[in-house]
Every structure is written in structure tokens, then in C-alpha cells.
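>>> I'll drop the sequence and a predicted model, then ask my questions.
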Amino acid sequence: MKKVSKNLVGMLILLILLILILAGVYVFGVRHFRTHFFPNTSINGVAVGDMTVDDAKYAIQNRIRDYSLTVTERNGITETITGDQIYMQYADNGEIQKCLDSQNPNLWIFRLTRGKNYKISVGYTYDKAIIDSVLDQMQCFQAENEEAPTSAMVVETDDGMYAIQESRQGTTLDRQKTRLAVMQAIEANASTMDFEAMDLYEKPSVEAADDELTEKVEDVNRMLSTNIVYDFVDRQYVVDKDLVKTFLKEDENGNFKLRRDKVLEWVKNLSYETDTYGMARDFKTHSGRTIRLAAGGDYGWAMHQEETANELYHAIQNGEQGKKDAVYVYRAQDRSTNDIGGTYAEVCIELQTMWLYKNGECIIETPVTTGTHSRQQDTPSGCVWAIDGKEANAIFPENGARVQYWLPFENSCGIHDSPWRTAYGGSVWLTAGSGGCVNTPPDAAWYFFDTLDVGYPVVIYYSEDQPVGTQPWNATTIPVVE
């Protein structure tokens with residue numbers, strides 16, 4: 001009995017010792033995990049198992065120092081900003097202590113193999129003042145790597161027209177936007193950022209798709225497509241792309257303006273080169289001899305410069321093509337250099353003869369009687385006049401004289417039949433001629449009246465050797481009836 005009791009007592013003592021040991025271990029664990037994290041615990045991916053709060057802070061500090069921000073730039077280039085560069089430091093915000101406080105140390109024995117993963121806002125600081133220095137060290141901010149953006153613009157092409165040159169995006173970053181974006185990425189603990197995706201590059205002020213730019217190109221190319229021909233039969237004046245360019249002026253905004261003054265200047269020069277009204281001209285007489293007629297008379301082409309320029313200005317704006325006529329104040333019968341054309345009357349004072357040409361052929365040659373020289377009523381000579389009117393069965397109010405055919409051409413002078421005369425030609429005109437008109441036999445006068453209309457030319461010269469003769473002092477429509 002005594003032996004059994006001794007064994008029982010011994011076992012009981014061992015059991016009590018074991019319980020005391022286990023209790024001590026448990027108490028030790030409880031006390032230990034009041035200041036240490038459970039095994040297999042992590043904070044933001046950093047293993048902090050069996051660490052104190054200070055140890056965990058140190059471990060996280062090391063992780064923070066290992067921080068890096070990878071920057072992707074335009075053209076696929078990458079650079080890295082490290083925590084050391086920006087002096088990144090842990091800033092205790094009490095979150096780690098809260099993680100420890102959230103542990104129940106009394107349950108440590110159940111957490112030996114199963115820790116907890118905490119996601120917390122880790123406080124840290126960095127030197128914001130050094131960000132500019134960090135940016136300055138980056139390759140993307142080196143002058144040799146910065147290409148400024150260029151706006152889309154209107155440029156001249158090889159064919160002389162204009163097109164939109166595409167913009168170039170360049171590689172120049174907006175410094176202030178980039179600085180702010182980098183700081184925001186660091187403060188968000190981001191590991192990557194894309195400058196292109198974040199729209200941090202400077203942009204061209206004008207893109208190729210700009211409506212205003214498209215309109216500029218369309219406007220200038222429309223004007224340059226102009227191809228207008230002023231056809232003067234034996235010479236042409238063309239308003240084409242090359243000429244229109246001399247009329248254009250590009251302003252500071254890249255707009256092409258058509259200058260009215262340049263258009264008018266060109267029209268004035270065109271008028272100077274082609275107008276014939278009242279000007280001296282060469283004339284081939286009935287004999288085939290060419291004489292020089294003096295300036296004067298009222299026949300020829302006279303361009304209305306302002307109206308012609310105005311029409312041309314609008315035609316260029318609309319990009320018109322084809323032949324175009326000028327606007328005229330006075331018109332002649334032929335637009336070639338020889339504006340007299342093929343249908344006209346020719347009078348030689350000395351020969352007292354008049355010829356009628358139709359389409360270049362002489363169809364009538366007749367003697368006539370011109371203004372009375374002795375009374376200073378000479379028919380004007382040396383120039384070309386245009387027929388001003390056409391009247392059948394006319395009556396001269398001054399003396400009631402009747403004529404069948406009346407073609408006035410200069411003031412009171414004209415071509416008409418004179419039934420009161422019995423003879424024409426010779427020297428009658430010296431003392432018993434007309435009052436300045438060209439008296440014509442009735443049978444010949446009909447042809448002139450039938451062929452010539454208002455505006456047709458009458459060429460009068462004294463002689464082939466002396467085109468200009470004595471000019472009238474007192475011409476009158478009153479026919480001198482002899």
C-alpha cells in the first residue's frame with residue numbers, strides 16, 4: 001500500500017510540474033505577444049512575424065528605402081526614381097501599433113502557424129524640395145533630348161499648291177504638370193506611371209484636323225486653281241496660279257488674303273497695254289500702205305478698270321476658270337491689236353474718196369465731198385471715229401434739209417447722202433464743200449448705211465503722206481447746198 005501511494009504521489013507531482021510549465025509557457029506567450037506580432041504576420045507584404053512594433057517599423061523603413069517609381073516616357077523609354085533619391089523616410093502614424101493592438105495575445109497559441117496579413121496606410125515622408133533636382137537629372141529633361149512640339153501648318157507643296165503639314169508632338173514635358181504628377185504618384189506609393197497616358201507632354205497649339213487650318217488650305221488652293229484667260233485674239237493674258245500668288249499676302253495668323261490693290265494694279269497694267277480708245281495707231285490704207293494715225297478721235301477700247309478689277313477679284317476668290325471679258329467704258333469692233341477690224345469706212349480728204357470695207361474686202365469706192373476748206377469747215381482728219389448714231393430719212397432742223405441716210409461720227413459731222421449735189425470729188429471741197437460732213441452720192445450712201453452700225457469705225461486722213469490735215473473751226477450739220 002505504501003509503495004502504491006508513493007508512485008501516485010510522484011505522478012501527481014510530475015503532472016503538477018507539467019501543468020506549471022505549460023502555464024508558464026502560456027503566460028510567457030501571452031506576455032510576449034503583447035509586444036510582438038504573431039508568427040507569419042505581414043504588413044503591406046512585409047513579414048513582421050515575432051517582431052516588436054519598433055522592429056516592424058524598421059523592416060517597413062527598409063522596404064520604403066527600397067521604393068522605386070518606374071516612369072515610362074514617350075517612345076518607350078523608361079527611367080526610375082528611387083526612394084533614396086527623394087530621401088523617403090517612414091513616418092509613424094500609429095497604424096503599426098494598431099495592428100499589434102488588434103492581436104489577442106491570449107490566443108497566441110492558436111496563431112503560431114496562422115498569422116494575419118495587414119493592409120494599412122503606411123506613413124512616410126520624402127523631401128519635396130528635392131523633386132526638381134531629381135527631375136533635372138532625368139534624361140527626359142535634358143536639353144538634347146527635348147524636342148519642342150510643332151503645330152500643324154499650311155505649307156507650299158512642290159506643285160505650287162498648299163497642304164497641311166502634320167504637327168509634331170515632340171518630347172518636351174510640361175514641367176509643372178509633370179512635377180505634380182510625380183509627387184502624386186510617390187504619395188500614392190505607385191510603382192509605375194506613364195507620362196504619355198497621363199497627358200504630361202506639351203502639345204502643338206494647332207493640330208492637322210483643325211477646322212480653321214483646313215479652311216485656310218481650301219481657301220488658298222481654291223484661289224490658286226484660278227485659270228482665267230483674257231483673250232485679245234492675237235495675244236492672251238492669263239491669270240493663273242503663279243500670277244495669283246503675287247496677289248496674295250499671308251498675315252501673322254497664316255491666313256492668305258487676296259489684295260484688291262494688287263489685282264487693281266494688274267488690271268491697270270492690262271488696260272495700259274490693251275486700251276486703244278483715242279490712241280495713235282497704224283492703219284493700212286486702200287493702197288496697201290501703212291500710215292500712222294494720230295491720237296484723238298473717239299474710237300477704240302477703254303477698259304473700266306475698277307469694275308474689271310472687282311470682277312477679277314471675285315473670280316479669283318471663287319477659283320474660276322476659262323475665258324473672261326473685261327468691263328469696258330468704250331468698245332471697238334475688234335479686240336486684236338488692229339482694233340478697226342474688217343468692216344469700216346475709209347476717207348481720204350486729198351483724194352476726196354471714201355471706201356467701204358466689209359469683212360476685210362472693199363465693196364464700195366466712191367467720190368465724196370468733205371468740209372469746205374475756205375470756210376474753215378474742214379472735215380476732221382488724222383484719227384478714227386466711231387459712228388454715234390444711225391437714222392434713216394433724217395431732217396436737219398437748221399435748214400430743213402432731208403437725207404435718206406445719216407451716220408454721225410463726230411459732233412456735227414457725219415456721213416450722209418446729198419441729193420442736192422450733182423458732182424463729187426475733185427476740188428469742190430476747197431470752196432464749195434460741206435459744212436464738215438462727208439457728202440456721199442445717194443446710191444453709194446445706201447451701202448454705207450446698210451453695212452455700218454453704231455460703233456463701227458470711220459477712218460479719215462488728209463493724205464497718206466500727211467494723215468492730219470486742217471481741222472475744222474466751225475463744223476455744222478447744216479449741209480451746204482450748192
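Sure, I can see it. Residues are numbered from 1 along each chain as shown.

>>> can you list the domain ranges for this protein.
The chain breaks down by automatic domain parsing into domains covering 33-209, 221-279+297-330, 344-461.

>>> from the ones you listed, which stretch is densest packed?
Greatest average neighbour count among the domains of the chain goes to domain 344-461 (a mean of 20), per mean count of other CB atoms under 10 Å. Every residue, glycine included, has its C-beta placed from N, CA and C.

>>> could you give the average pLDDT over that one?
Regarding domain 344-461, the rounded mean pLDDT is 95.

>>> show the end-to-end separation of that domain, please.
14 Å (CA to CA, to the nearest Å).

>>> and the most centrally placed residue in the chain, what does it touch?
Closest residue to the average C-alpha location of the chain: Lys216 at 3.2 Å, with CA atoms, centre = their mean. Contacts for Lys216 were tallied using CB atoms under 8 Å, 6 or more residues apart in numbering; they are 154, 254-256.

>>> just to revisit the earlier point, any chance of the domains of the chain in CSV, with distance to Ile19 too?
Listed next are those as CSV, based on distance: least, CB to CB, whole Å:
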stretch, distance to Ile19
domain 33-209, 15
domain 221-279+297-330, 97
domain 344-461, 143
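
>>> assumed Leu213 was part of a helix.
Yes. Assessed by DSSP: H, G, I helix; E, B strand; the rest coil, Leu213 belongs to a helix.

>>> hmm, back to that, and of the contacts of Lys216, the nearest to Asn227?
Phe256 (17.8 Å; CB to CB).

>>> could the contacts of Lys216 be laid out in CSV, adding distance to Arg289, pLDDT and secondary structure?
Listed next are those as CSV, based on distance: CB to CB, whole Å; pLDDT from 0 to 100; DSSP: H, G, I helix; E, B strand; the rest coil:
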residue, distance to Arg289, pLDDT, secondary structure
Val154, 60, 76, strand
Gly254, 61, 76, coil
Asn255, 59, 84, coil
Phe256, 54, 90, strand
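
>>> what's the end-to-end length of stretch 88-96?
Rule used - CA to CA; the end-to-end distance of stretch 88-96 is 18 Å.

>>> for it, what does the pLDDT average out to?
The average pLDDT within stretch 88-96 is 82.

>>> Glu320 and Glu218, how far apart?
Glu320 sits at a distance of 16 Å from Glu218 (criterion: CB to CB, to the nearest Å).

>>> next one: Glu464
60 Å.

>>> the two: who's more crowded?
The neighbour comparison of Glu464 against Glu218 (other CB atoms under 10 Å) goes to Glu464, with 16 against 12.

>>> can you pull the contacts of Trp355?
286, 345-347, 362, 364-366.

>>> helices and strands of the protein: which one bottoms out on pLDDT?
One helix or strand of the chain scores below all others by mean pLDDT, DSSP states H and E: helix 2-32, with a mean of 77.

>>> tell me the buried residues in that helix?
Using 16 or more other CB atoms under 10 Å as the test for burial, helix 2-32 gives Gly29.

>>> next helix or strand past that helix?
Sequence-wise, the next helix or strand downstream of helix 2-32 (DSSP states H and E) is strand 42-43.

>>> list the helices and strands that next one packs on?
Counting contacts by 3 or more CB pairs under 8 Å, 6 or more residues apart in numbering; DSSP states H and E, strand 42-43 is packed against strand 117-118.

>>> the strand it packs on pairs with which strands?
strand 42-43 (parallel) (DSSP bridges).

>>> now do the partner strand, average pLDDT.
86.

>>> need the contact partners of the very next helix or strand once past that strand.
Using DSSP H and E, the helix or strand that follows strand 42-43 in sequence is strand 46-47. Outside strand 46-47, the residues that touch it by CB under 8 Å, 6+ apart are 40-41, 56, 59-60, 63.

>>> who are the packing partners of the next helix or strand after strand 46-47?
Later in the chain than strand 46-47, the nearest helix or strand by DSSP H and E is helix 53-65. Applying 3+ CB pairs under 8 Å, 6+ apart, one finds that helix 53-65 contacts strand 46-47, strand 89-90, helix 95-101.

>>> can I get helix 53-65 as CSV, trimmed to CA atoms?
What follows is helix 53-65 as a C-alpha-only set of coordinates in CSV (Å, rounded to 0.1, in the frame of the first residue of the first chain):
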residue,chain,number,x,y,z
VAL,A,53,6.4,47.4,-33.3
ASP,A,54,9.9,49.0,-33.5
ASP,A,55,11.2,46.1,-35.4
ALA,A,56,8.3,46.2,-37.8
LYS,A,57,8.8,49.9,-38.3
TYR,A,58,12.5,49.3,-39.1
ALA,A,59,11.5,46.5,-41.6
ILE,A,60,9.0,48.7,-43.3
GLN,A,61,11.5,51.6,-43.3
ASN,A,62,13.9,49.3,-45.2
ARG,A,63,11.1,48.5,-47.6
ILE,A,64,10.4,52.2,-48.1
ARG,A,65,14.0,52.8,-48.8
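
>>> which of the contacts of Lys216 sits closest to Met161?
Using CB to CB, Val154 is the member of the contacts of Lys216 that lies nearest Met161, at 10.4 Å.

>>> do you know how far that closest one is from Asn253?
Val154 sits 11 Å away from Asn253, going by CB to CB.

>>> next one: Asp298
Distance from Asp298 to Asn253, by CB to CB: 50 Å.

>>> show me the helices in this structure, by range?
Under the criterion DSSP state H, helices of the chain are mapped to 2-32, 53-65, 95-101, 131-137, 175-187, 211-224, 241-247, 260-274, 305-317, 428-432, 442-451.

>>> returning to that earlier point: what would the contacts of Lys216 look like in TSV with distance to Tyr230?
Converted to TSV, the contacts of Lys216 look like this (distance: CB to CB, whole Å):
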residue	distance to Tyr230
Val154	30
Gly254	31
Asn255	28
Phe256	23
